[in-house]
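K.L.:
here is a sequence with its predicted model. Questions after.
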Amino acid sequence: MSLQTSPQVLVHADDEAKVKRIWNAFWVLLILTILELACGLTIYKLDLGDPAYSTILSIKIVIIIFTLAKAFYIISIFMHLGDENRMMILSIGIPMCLFIWFIVAFLADGNSFRNLRNTDAGVRKYEPKEVRHQPLNVPPGAENKYKTD
Amino acid sequence: METAVVQTKQRLWSGGHSPFKVSYGKLMMWYFLMSDSFTFGAFLISYGTIRFSENYWVDHNYVFNEFPGVHGNAPLAFVSLMTFILIFSSVTMVLAVHQGHKMNKKGVEKWLFLTILGGLAFLGCQAWEWTHLITGHHAVLVDGQIQYWGTTMSHNPWGPRVMYEGGLINTPGPIAFGGYFFGITGFHGFHVFTGVIVNIVMLIKTRMGHFQQRGHYEMIEKAGLYWHFVDLVWVFVFLCFYLI
């Protein structure tokens, strides 16, 4: 094999590498989605019993991490932002940091609103009522009695 | 050394060329998408705020548990299909952009066509899901009476379940659920619809050879950016409504 490679061969190899990169990103996204679904179904199964709040919360955090990984792949590979000029990446990325404040502040707001409602703005003690999708110890046959489509 | 750096910087921003080494159209598409992500972000965060302010929220595994043609419980199944369709159409779009770089008209047409099909399939799925939710009949215990409700902007039959005359029955759930669900998935669906229209225009222009004459397929790239953004938003809608 000669050391000199014709420009055409180079372009061809470059092209194949790019197509391969795209399909790799696709498989990564597919696998991440399947993992997310597996986590979602785990939550569903656990919810049939009486799981600890922290168990469900930690599975949800894992799902959020998978989602952020997917977002990163879509932006950097499919949208080619990873290949752009560094300053352009920053001019998109820095404003996005506002989301950190946005999410933290508004979820805290919602949480505070629930606490205020539950305690009539602090004048009474909160008595938690059990609110689940379905009560525990459901007798057999009760499940389908009012089942409609 | 220092002067050299200053000089490069001055030259970088002194006009005559793009300091970001990117065309005007592509840069503006990026900034539009950034602002659009704040619109979607505001919707989703507002949904999160209301959800955090309620003691009980809807259990999505019971709301979205149907699959066309399947009788019985299939949580997450239909929405996974929708997600796979959208991811796949994102790949076909990026392949169309790639063929555009190679100035391969036939290749662009082929992959763009598949992308449009993917977008239409997604919209069809969403239409089915909405119809199913709105026209469904679910027994709800309201003031000691059984009523039959669909999931709409004003009715939410997915509240906590209680025992009633030996059976399990739903009570009304937080009313905000329908508004947020239909509002956000509707706004996303509208983006998908717009993307399909844009892609159809691009396909027609490719067929007519406009980009071949122009010497580059940058318009396909810009349409592609928009299309991937739609996929990106779906990743988060999927997370917020169906997974957590």
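P.N.:
Nice, thanks for sending it over. Numbers count the residues shown, from 1 in each chain, chains lettered A, B, ... in the order given.

K.L.:
what is the subsequent helix or strand relative to the host helix or strand of B:G118?
P.N.:
Element membership for B:G118 (DSSP states H and E) is helix B:105-135. Next in sequence after helix B:105-135, counting helices and strands by DSSP H and E, comes strand B:138-142.

K.L.:
okay, buried residues for that following strand please.
P.N.:
B:138-141 (16 or more other C-beta atoms under 10 Å in any protein chain shown). Any C-beta I mention is one placed from the backbone N, CA and C, and that applies to glycine too.

K.L.:
quick one: contacts of it?
P.N.:
With contact meaning C-beta atoms under 8 Å, 6 or more residues apart in numbering or on different chains, strand B:138-142 is reached by A:146-148, B:146-151, B:157-159, B:162, B:164, B:169-172.

K.L.:
next structured bit after it?
P.N.:
Going down the chain from strand B:138-142, the next helix or strand is strand B:145-149, by DSSP H and E.

K.L.:
that following strand: which residues count as buried?
P.N.:
For strand B:145-149, the buried set under the neighbour-count rule, 16+ other C-beta under 10 Å, comprises B:W149.

K.L.:
kindly report the same for stretch A:85-98.
P.N.:
Of the residues in stretch A:85-98, those scored as buried under the neighbour-count criterion (16+ other C-beta under 10 Å) are A:88-89, A:91-92.

K.L.:
where do the strands of chain A begin and end?
P.N.:
If DSSP state E is used as the criterion, chain A turns out to lack strands entirely.

K.L.:
actually chain B, not the one I typed
P.N.:
Using DSSP E, strands in chain B cover B:138-142, B:145-149, B:161-164, B:167-170.

K.L.:
what is the mean pLDDT for the third one?
P.N.:
The one in question is strand B:161-164. Mean pLDDT, computed over strand B:161-164, is 88.

K.L.:
can you check stretch B:233-244 too?
P.N.:
For stretch B:233-244, the per-residue pLDDT averages 95.

K.L.:
what of stretch B:103-121?
P.N.:
Stretch B:103-121 shows a mean pLDDT of 96 in the predicted model.

K.L.:
ok, and does it reach over to chain A?
P.N.:
No: among the residues of stretch B:103-121, none lie within reach of chain A under C-beta under 8 Å from any C-beta of the partner chain; the closest is 10.2 Å away.

K.L.:
pull the contacting residues for residue 70.
P.N.:
Here I'm looking at chain A. A:K70 makes contact with A:29, A:32-33, B:235 under the criterion C-beta under 8 Å, 6+ apart.

K.L.:
wrong one, chain B
P.N.:
Taking C-beta under 8 Å, 6+ apart, we find B:V70 in contact with B:A77.

K.L.:
identify the bridge partners of it.
P.N.:
B:F67 (DSSP bridges).

K.L.:
any idea how far it lies from B:F78?
P.N.:
Here B:V70 is placed at a distance of 9 Å from B:F78 (C-beta to C-beta, to the nearest Å).

K.L.:
double-check B:Q126 against B:F187; I have them as touching.
P.N.:
No: the pair B:Q126 / B:F187 is not scored as a contact, 11.7 Å apart, by C-beta atoms under 8 Å.

K.L.:
neighbour count for the two, which is higher?
P.N.:
The residue with the greater number of neighbours, taking B:Q126 and B:F187 and applying other C-beta atoms under 10 Å in any protein chain shown, is B:Q126; the counts read 18 against 15.

K.L.:
list the contacts of the residue nearest to A:F102 when sequence neighbours are not counted.
P.N.:
Leaving aside its chain neighbours, A:F102 sits nearest to B:I45 (5.7 Å; criterion: C-beta to C-beta, 6 or more residues apart in numbering or on different chains). For B:I45, the residues meeting the contact criterion (C-beta under 8 Å, 6+ apart) are A:102-103, A:106-107.

K.L.:
and for B:M219?
P.N.:
Listed by C-beta under 8 Å, 6+ apart, the contact partners of B:M219 are B:202, B:205, B:211.

K.L.:
and the pLDDT for the residue nearest to the last one when sequence neighbours are not counted?
P.N.:
With sequence-adjacent residues excluded and distances taken as C-beta to C-beta, 6+ apart, B:F211 is closest to B:Y217, at 4.7 Å. pLDDT, the model's per-residue confidence, is 94 for B:Y217.

K.L.:
good, wrapping up.
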